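Engineer: Sharing a sequence plus its predicted fold:
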Amino acid sequence: MDTPPRRGLWNLTLGAGAVAALCLSGIARAEVEVSLDLRLVSSDGRDSFLDGGFGKLRYDDADDGVQLGRARLAGRWALGGNWHANIDVSAWSLHDHNAIDVTEGWLEWRPVPDSAWRSNLKIGAFYPPISLEHRAPGWTNPYTISSSALNTWVGEELRTIGIAYELEHLGTAEGGRLDYGMQAAVFGWNDPAGVEVALRGWSLNDRQTPLFGRIGTYAFGGPEQRVIFSEIDNRPGYHASGYLRWDNKLEARALHYDNRGNPEAYKESIEDYAWKTRFDSLGVRYDGERGTTFIAQWLGGSTVVDDDPAKRWTFDTKFLLIAQGFGRHRFTVRYDDFNVRQTAGANPAWFSREDGNAWTFGWSWAVREHVDLAAEWLRVDSLHSSRAALGEAPKAIEHSLQLALRLSL
């Protein structure tokens, strides 16, 4: 596996092929989104996991200056018969396995409702309904530049590549105050899920792993580029979720996930096993009438690989977020807590323990239509026993300051 080169700003030019793909028949009925996120970064972080280190930040102390946050091109087409097609293509950095890659793409059947009941069917690759932070286009976070540790991991390792059916009852559409819904999904191609949180631990960043891309980590004595979306054991996984929403202000959401991985199955082409990963997630969100948002969310579970009793990890993370809007400005504060524990076996591996917490302070300003500014200060305090393998102290306190200019069409 190759060691990734360093990162830097690069000039993004959308290729003629990508543009042509969005100019197929039916473009008149298409909704197209284009956005560009440029960053000014100052960081004292340890070597980033993207470069094979155990740093918790996307940008480390070698990345100060101007960086590309994200360039995005997305489209939605009406296909007729209540069917729609959706695709989201992004570029995160020139050093990625694919400079431009797909983060989501799916077909959706959403019939026109004739009552308070709604239903939809999705087929393709999309995010499971976990995050209570990501409410902006492209599964982005409108509150802070970097996401919580919980939802950073969702963006890095999870994608529903399969089929999902959702049934909702929108009582507010008939003058009531309660909405509720349930979703069930069956998926494949997520067998490596769990490898990052087990070997590297948690991170706080905004990068989403592309469907055909890779993500860096450090394992077994050196840096590696891991494939996250692949089918290894030919066993489908599933997740089931539900939500309750009161008066369009208070929402509670729960999800159970099980990729049903067979930890003895191995795929030579990606040099990885099927990681048996299960977890539960619970969250509450409140949106006040005066621009106040409160989010509390927890996720906990386990992942197992191979038949070695030492190769089992449990993981747990939670966060609290409070945001307050003042006209075109929004201020946000978030606290994260996270840990990973490896089960001790006869010969326990050296990557066995992580504990950490983080404070994030964010500000955003809607300067004008299609132009936004955002700033963030992030402090991560973590202890990871694997840092000793790099000759580093296990405990690290890392800081980053970012200013983002976001342009959209």
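Structural biologist: Great, that's in hand.

Engineer: wait, what's in contact with the closest residue to Asn259 other than its chain neighbours?
Structural biologist: Ranked by C-beta to C-beta, 6 or more residues apart in numbering and with sequence neighbours excluded, the top spatial neighbour of Asn259 is Gly237, at 3.6 Å. In this view, the C-beta of every residue, glycine as well, is placed from N, C-alpha and C. Contact analysis of Gly237 by C-beta atoms under 8 Å, 6 or more residues apart in numbering lists Val186, Phe187, Gly188, Asn190, Tyr257, Asp258, Asn259, Arg260, Gly261.

Engineer: same check, this time on Gly362
Structural biologist: Gly362 neighbours (C-beta under 8 Å, 6+ apart): 143-145, 323, 330-334, 374-377.

Engineer: Distance-wise, check it relative to Glu104.
Structural biologist: Between Gly362 and Glu104 the distance is 24 Å, computed by C-beta to C-beta, to the nearest Å.

Engineer: Verify the contact between Glu251 and Thr293 for me.
Structural biologist: No. Contact criterion C-beta atoms under 8 Å: Glu251 and Thr293 do not qualify, at 10.9 Å.

Engineer: These two - which one has more neighbours?
Structural biologist: The neighbour count for Glu251 versus Thr293, taken as other C-beta atoms under 10 Å, is higher for Thr293 (20 against 17).

Engineer: how close does the more buried one get to Asn357?
Structural biologist: In terms of C-beta to C-beta, Thr293 sits 21 Å off from Asn357.

Engineer: And for Ile130?
Structural biologist: In terms of C-beta to C-beta, Ile130 sits 21 Å off from Asn357.

Engineer: who's more crowded, the two?
Structural biologist: Ile130 (23 against 16).

Engineer: got a list of what that one touches?
Structural biologist: Contact partners of Ile130, counting by C-beta under 8 Å, 6+ apart, are Leu150, Asn151, Val154, Leu158, Ser241, Arg253, Leu255, Ser281, Gly283, Leu299.

Engineer: Ile161 now?
Structural biologist: Counting by C-beta under 8 Å, 6+ apart, Ile161 touches Gly124, Ala125, Phe187, Gly188, Trp189, Asn190, Leu211, Phe229.

Engineer: Could you find the closest non-adjacent residue to the second one?
Structural biologist: Read that as Ala125. Leaving aside its chain neighbours, Ala125 sits nearest to Ile161 (4.6 Å; criterion: C-beta to C-beta, 6+ apart).

Engineer: And for Leu211?
Structural biologist: Distances taken as C-beta to C-beta, 6+ apart put Val102 closest to Leu211, at 4.8 Å, once the chain neighbours are dropped.

Engineer: Poorly predicted segments of the stretch 301-409 of the chain, please.
Structural biologist: Along the stretch 301-409 of the chain, segments meeting pLDDT under 70 span 344-351.

Engineer: ok, which stretches of it are strands?
Structural biologist: For the stretch 301-409 of the chain, the strands defined by DSSP state E, counting those that start in this stretch occupy 312-326, 329-342, 353-368, 371-384, 395-408.

Engineer: still on that earlier bit, burial check on the residue nearest to Leu211, number of neighbours?
Structural biologist: Residues lying near Val102 (other C-beta under 10 Å) number 16.

Engineer: beta partners for it?
Structural biologist: Note on Val102: beta-bridge partners Val89, judged by DSSP bridges.

Engineer: how far away is it from Ala240?
Structural biologist: Separation of Val102 from Ala240 (C-beta to C-beta): 26 Å.

Engineer: Also Asp247?
Structural biologist: Asp247 sits 25 Å away from Ala240, taking C-beta to C-beta as the criterion.

Engineer: Likewise for Gly391?
Structural biologist: When Gly391 is compared with Ala240 (using C-beta to C-beta), they lie 45 Å apart.

Engineer: Who has more neighbours out of these two?
Structural biologist: Of the pair Gly391 and Ala240, Ala240 is the one with more neighbours under other C-beta under 10 Å, namely 14 against 6.

Engineer: Quick check: which element contains that one?
Structural biologist: Remark: Ala240 resides in strand 237-246, with elements defined by DSSP states H and E.

Engineer: Using CSV, write out every CA atom in that strand.
Structural biologist: Presented in CSV, the C-alpha positions along strand 237-246 are these (Å, rounded to 0.1, in the frame of the first residue of the first chain):
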residue,chain,number,x,y,z
GLY,A,237,-25.9,-5.8,6.4
TYR,A,238,-28.9,-3.8,7.6
HIS,A,239,-29.8,-0.7,9.7
ALA,A,240,-33.1,0.3,11.1
SER,A,241,-34.1,3.7,12.4
GLY,A,242,-36.9,5.9,13.6
TYR,A,243,-37.6,9.5,14.6
LEU,A,244,-40.2,11.6,16.5
ARG,A,245,-40.6,15.3,15.8
TRP,A,246,-42.7,17.6,18.0
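
Engineer: Tyr143 and Leu178: what is the separation?
Structural biologist: Separation of Tyr143 from Leu178 (C-beta to C-beta): 26 Å.

Engineer: Counting neighbours, go ahead and name the busier of the two.
Structural biologist: Tyr143 (25 against 12).

Engineer: Quick check: that one touching Arg334?
Structural biologist: Yes. Counting by C-beta under 8 Å, Arg334 is a contact partner of Tyr143 at 7.5 Å.
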